[in-house]
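**Q** Quick one, fold the following:
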Amino acid sequence: MIKSIESLPAEKQKILYDAIPYVTLLVAGADGVIDDAELQQGEKIAHIRTFHFHQEWQEYYKKVDEHLHERLLELIRTLPRETQQRQEAISAELSKLNDILPLLEPKHAKHFYDGLLSFARHVAKASGGVIGWVSIGPKEAKVTDLPMIDPIKG
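**A** A predicted model of the protein is given here:
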C-alpha cells in the first residue's frame, strides 16, 4: 500500500476509499436514473484494477473492491433521491479530495486523479450511445471530467 495513504488520518483515508463509489454514483445518476448496468460497470472496473492498474494503486482497489457493492447500496439509500440534490451531495464529498491529494506524493496523486477520470468515463459508457455501447450520453459527459476535483498536473 502507498505509505502516504497509510499515514493519513482514518477520516481522510475513508474519503479516498469512498471516491470510487461516489464517482460511480455521480456518473450513473447524471441522467436521473441510476441503472444496474452503470453500477455493474463501476464494480467491474474497480475489480479489474485490483490486478491491472498502476501497481502502487492495486492494493487500494483491492480494498475498495471488497465492499464496493455494499457501499454503493448504502450510499443509494442515504443520498438524496432528487437528482440535483444527489449530484450536489456527491460533488461536495468528492471535492474533499482537494485537501487530500496534495498530501500524497505527486506521482501517486496524479495516478489517482487520472484513474478517477478514466474510471468515470468507463462507467459513463455503460449506458450511453447506440444500444448502450461506445458512447457517453450528454448528461454523463458533463460530469466525467470531475469538475469538483482540482486537476493534478504531472
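**Q** so what pLDDT did the closest residue to G42 other than its chain neighbours get?
**A** Using Cβ to Cβ, 6 or more residues apart in numbering and skipping residues adjacent in sequence, the residue nearest G42 is T24, 3.4 Å away. Yep, even glycine has a C-beta here, placed from its N, CA and C like the rest. Turning to T24, the model gives it a pLDDT of 97.
**Q** Isn't T24 up against A37?
**A** No: the pair T24 / A37 is not scored as a contact, 11.7 Å apart, by Cβ atoms under 8 Å.
**Q** list the contacts for the residue nearest to G42?
**A** By Cβ atoms under 8 Å, 6 or more residues apart in numbering, the contact set of T24 is 38-39, 42-43, 72, 119, 123.
**Q** if you look at these, which of them are in helices?
**A** Cross-referencing those against helices under DSSP state H gives 38-39, 42-43, 72, 119, 123.
**Q** mind putting those in JSON lines, distance to H111 and pLDDT included?
**A** Formatted as JSON lines, the ones in helices among the contacts of T24 follow (distance: Cβ to Cβ, whole Å; pLDDT from 0 to 100):
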{"residue": "E38", "distance to H111": "24", "pLDDT": "90"}
{"residue": "L39", "distance to H111": "24", "pLDDT": "95"}
{"residue": "G42", "distance to H111": "19", "pLDDT": "95"}
{"residue": "E43", "distance to H111": "21", "pLDDT": "97"}
{"residue": "L72", "distance to H111": "23", "pLDDT": "98"}
{"residue": "F119", "distance to H111": "12", "pLDDT": "96"}
{"residue": "V123", "distance to H111": "18", "pLDDT": "92"}
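**Q** Among these, which one has the most neighbours?
**A** Of all the ones in helices among the contacts of T24, V123 has the most neighbours under the rule other Cβ atoms under 10 Å, reaching 31 neighbours.
**Q** Wait, it touches E43, no?
**A** No: the criterion here is Cβ under 8 Å, and V123 misses it with E43 at 9.8 Å.
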